[in-house]
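Undergrad: For reference, the sequence and a predicted model appear below.
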Amino acid sequence: MTIKYIGFKPNPQGQTHRTPPAIFNKLNSIFQFTVDAAADASNALLPRYWTEEQDALKQDWSGERVFCNPPFGKAKDFLQKAGTACRCVMLLPLNCLTAKYYHAVGGADWIIIPEGRINYLTKDGQATKAMMLGTCFLIWGWLTDDEVEKLGGLTYQLY
């Protein structure tokens with residue numbers, strides 16, 4: 001079963017959009033995340049999360065199974081940190097793959113390119129409208145054949 005992904009629009013009030021629970025729940029059922037690395041009380045998807053004040057970039061990610069929907073303006077910093085986790089799944093704009101910082105940092109083992117785009121949620125739970133850019137999930141850590149099958153969509157090994 002594959003999830004159909006739709007829509008995306010940047011947040012004019014800041015970069016605090018929430019990943020839709022249906023998408024997160026599917027990923028979490030596969031990866032059993034231990035921490036939401038870029039969240040606040042209004043958009044956290046796990047009981048354990050790191051806020052802007054706690055600064056996920058200063059936390060120890062080793063031994064963690066991290067879900068991260070970072071502020072896209074800090075994507076380079078989060079990409080650099082992701083490889084220190086036991087497993088990390090990061091949601092980013094698809095065009096990050098063409099950015100100089102991505103090629104300088106690199107390191108992801110897998111990429112999932114969803115069918116369509118993601119409709120993020122605002123703090124009040126309303127879906128955002130679609131925008132032109134697609135999204136992707138970058139994954140650090142080995143995937144089993146079973147995990148690749150469960151993920152569905154377009155999943156590619158990057159090395």
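TA: Yes, it's here.
Undergrad: T155 and L138 touch, don't they?
TA: No - T155 lies out of contact with L138 (C-beta atoms under 8 Å); the separation is 11.4 Å. All C-beta spots, glycine's among them, are computed from the backbone N, C-alpha and C.
Undergrad: Overlap of the contact sets of the two?
TA: Shared contacts of T155 and L138, defined by C-beta atoms under 8 Å, 6 or more residues apart in numbering, comprise 110-111.
Undergrad: of those two, who's got more company?
TA: L138 (25 against 17; other C-beta atoms under 10 Å).
Undergrad: Phi first, then psi, for the more buried one.
TA: phi -100, psi 140 (degrees, to the nearest 10).
Undergrad: Which residue is the nearest non-sequential neighbour of the residue nearest the centre of the chain?
TA: A centroid search over the chain (C-alpha atoms, centre = their mean) returns L91, at 2.3 Å, as the residue closest to the centre. With C-beta to C-beta, 6 or more residues apart in numbering as the criterion, L91 has its nearest non-adjacent residue at 4.4 Å, and that residue is N69.
Undergrad: That neighbour contacts A38, doesn't it?
TA: Yes - using C-beta under 8 Å, N69 is in contact with A38, at 6.0 Å.
Undergrad: partners of the helix or strand containing M90, with directions?
TA: Element membership for M90, per DSSP states H and E: strand 87-93. Strand 87-93 sits in its sheet next to strand 65-68 (parallel), strand 135-140 (antiparallel), going by DSSP bridges.
Undergrad: Please consider this matter closed, and thank you.
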